[in-house]
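Student: predicted model, plus sequence, below.
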Amino acid sequence: MKTNFSLLFYLKKPKNYLKGAVPVYLRITVDGKPVEMSASRKCEPELWNTKAGHMIGTKEDAKTLNSYLDKMKAGVTAAHTALCVEDAEISAEGVKCKYLDKAEKAHTIMEAIKIHNKNMAALVEKEDYAEGTLRRFKVLEKHVKEYLLFKYQTGDLNVRNIDHEFIDGFDFYLHTSKDNDTNTASKHLKNLGKIVRICLRNKWIITDPFFGYKLKSKLVQREYLTAEELQNIAGKKYSTARLTQVRDFFLFSCYTGLSYADVQKLKQTDIRIGIDGEKWLFSYRKKTGTPLAVPLIPVAADILERYKDHPFCVNQNRALPISSNQKMNEYLVEIAALSGIVKTLGNRIAKRTFATTVTLLNGVPIESVSKMMGHTNIRTTQLYAKMLDERVSSDMAPLRQIFASI
């Protein structure tokens, strides 16, 4: 592999330097990436030729130093040549290690993933990351380990061996052996890309194997509830208190756009009077830390009022008594069946319903919807707008009337 390789001797003056000899250093640069090493010699700055990288003069001390530096330069150049002959990946650190007869530490992809997941687990405890995000990286760890055994018959691989061939093979493995669809496989590859970029920052690798690699995706038809379906759920009388309670939680998410984690941590003190003198919900998205400010429409405010004296809410300073996510989903299956809803109810469909049926279809500007949902990029909110055939129909209605009279 051809590389741009250069050497430069220079003087490294310490802080608060006044006078006297200073250390001589050698800078090794490979493809623009430098590393330095001490030459274990010193020289007076006024006797140093910066351009030549040598000591000025013909006296014995100058000849001795320059001879030593020439020998050192020849040794480092020989180390670089040896790496080229070995067809090894060449880096400035690798040349330095070769010259010093030290093996450059090889880092592996599984090592990188494990370190990342350990650090993320600590951040999950501090609520800087959601538990679900960590689970996705643990799944990635499992898939990569199994792929290495399947493809390379090994439990680990030097991270420098990650290239387009590895990425394509892993993508194919996810589609075939793991039966992942295109979007799921791309999410795993995106997470792997994050790991690789950390390796790049740590200088474990010198190039990004994902550079120029295009992740694939397919448009997914995301479901949301219509106004009629929302009314069916809201108007249904359930025989047990637990179903009524879960129904209320689900409706609250539909009318505020909050995720399960955000509703679960919502406190009674998060409900305050806003700029318009009405009740607002002030919080932050657990997933991103983005501030939330959502005006409460009457139906959402009524749900909160219904549970303000509930023992759990009073004792735990919570706005709603929330079951575990698993239990909630089990109960929502029953609620869907009893309400005549054929769609799978859950927090995702609740958030989509808020973005579409509750807000966008009622003329709320997309910028306001984006802010209320805590999106960091309005393009995320635009995904919901693309789903709205009803809005397109209403927007085109005046145009139909204009052209009908022509």
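Tutor: Arrived safely, thanks for sending. Please read these numbers as outputs of a predicted model, since none were measured by experiment. Numbers count the residues shown, from 1 in each chain.
Student: okay, now the unreliable bits of this structure?
Tutor: 1-2, 102-104, 219-220, 384-397, 399, 403-406 (pLDDT under 70).
Student: need the strands for it, in chain order.
Tutor: For the chain, the strands identified by DSSP state E occupy 5-11, 22-30, 33-43, 48-49, 54-55, 271-273, 279-284, 291-295, in order along the chain.
Student: can you lay out those strands as CSV showing mean neighbour count?
Tutor: Using the backbone N, CA and C atoms, a C-beta is placed for each residue, glycine as well. As requested, those are arranged in CSV below (neighbours: other C-beta atoms under 10 Å):
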stretch, mean neighbour count
strand 5-11, 17
strand 22-30, 19
strand 33-43, 15
strand 48-49, 16
strand 54-55, 20
strand 271-273, 13
strand 279-284, 18
strand 291-295, 17
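Student: can you say which of these is nearest to Gln221?
Tutor: Comparing those by their distance to Gln221 (C-beta to C-beta), the top pick is strand 291-295, with 26.7 Å.
Student: just checking, what packs against that closest one?
Tutor: Using 3 or more C-beta pairs under 8 Å, 6 or more residues apart in numbering; DSSP states H and E as the contact criterion, the secondary-structure elements in contact with strand 291-295 are strand 279-284, helix 366-372.
Student: circling back to that earlier point, output the strands of the chain as CSV; include the columns distance to Phe250.
Tutor: Output for these, formatted as CSV (distance: least, C-beta to C-beta, whole Å):
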stretch, distance to Phe250
strand 5-11, 63
strand 22-30, 58
strand 33-43, 54
strand 48-49, 76
strand 54-55, 78
strand 271-273, 19
strand 279-284, 16
strand 291-295, 16
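Student: which one of those lies nearest to Val364?
Tutor: Taking C-beta to C-beta as the criterion, Val364 comes closest to strand 291-295 out of those, the separation being 10.3 Å.
Student: that closest one pairs with which strands?
Tutor: When pairs are called by DSSP bridges, strand 291-295 turns out to pair with strand 279-284 (antiparallel).
Student: any idea where the helices of the stretch 251-400 of the chain begin and end?
Tutor: Defined through DSSP state H, counting those that start in this stretch, the helices belonging to the stretch 251-400 of the chain, from first to last, are 260-264, 298-307, 311-316, 325-339, 347-353, 366-372, 378-385, 389-404.
Student: which one of the ones you listed is the most hemmed in?
Tutor: Greatest average neighbour count among the helices of the stretch 251-400 of the chain goes to helix 347-353 (a mean of 22), per mean count of other C-beta atoms under 10 Å.
Student: nearest to Lys151, out of the helices of the stretch 251-400 of the chain?
Tutor: Ranking the helices of the stretch 251-400 of the chain by proximity to Lys151 (C-beta to C-beta) places helix 347-353 first, at 33.6 Å.
Student: coming back round to it: who wins for proximity to Tyr307 among the strands of the chain?
Tutor: Using C-beta to C-beta and comparing the strands of the chain, the one that lies nearest Tyr307 is strand 271-273, at 11.6 Å.
Student: what is that closest one packed up against?
Tutor: Right, strand 271-273 is packed against strand 279-284 by 3+ C-beta pairs under 8 Å, 6+ apart.
Student: domains in the protein, by residue range?
Tutor: The chain breaks down into these domains under automatic domain parsing: 5-99, 109-201, 227-396.
Student: turn those into TSV, columns for distance to Lys218.
Tutor: Rendered in TSV, the data for these read as follows (distance: least, C-beta to C-beta, whole Å):
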stretch	distance to Lys218
domain 5-99	36
domain 109-201	5
domain 227-396	13
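Student: identify the residues contacting Arg247.
Tutor: When contacts are counted by C-beta atoms under 8 Å, 6 or more residues apart in numbering, Arg247 touches Ile233, Ala234, Lys236, Tyr238, Ile335.
Student: what does Gly20 give?
Tutor: With contact taken as C-beta under 8 Å, 6+ apart, Gly20 is in contact with Glu44.
Student: quickly note the distance from it to Glu46.
Tutor: Taking C-beta to C-beta, to the nearest Å as the criterion, Gly20 is separated from Glu46 by 11 Å.
Student: what of Leu251?
Tutor: 82 Å.
Student: now swap in Asp61 and tell me
Tutor: Summarising the geometry, the distance separating Asp61 from Glu46, computed by C-beta to C-beta, is 14 Å.
Student: neighbour count: these two, which is higher?
Tutor: Neighbours were tallied for Asp61 and for Glu46 using other C-beta atoms under 10 Å; the higher tally belongs to Asp61 (11 against 7).
Student: please name the nearest non-neighbouring residue to that one.
Tutor: Met55 (7.6 Å; C-beta to C-beta, 6 or more residues apart in numbering).
Student: alright, I will stop here.
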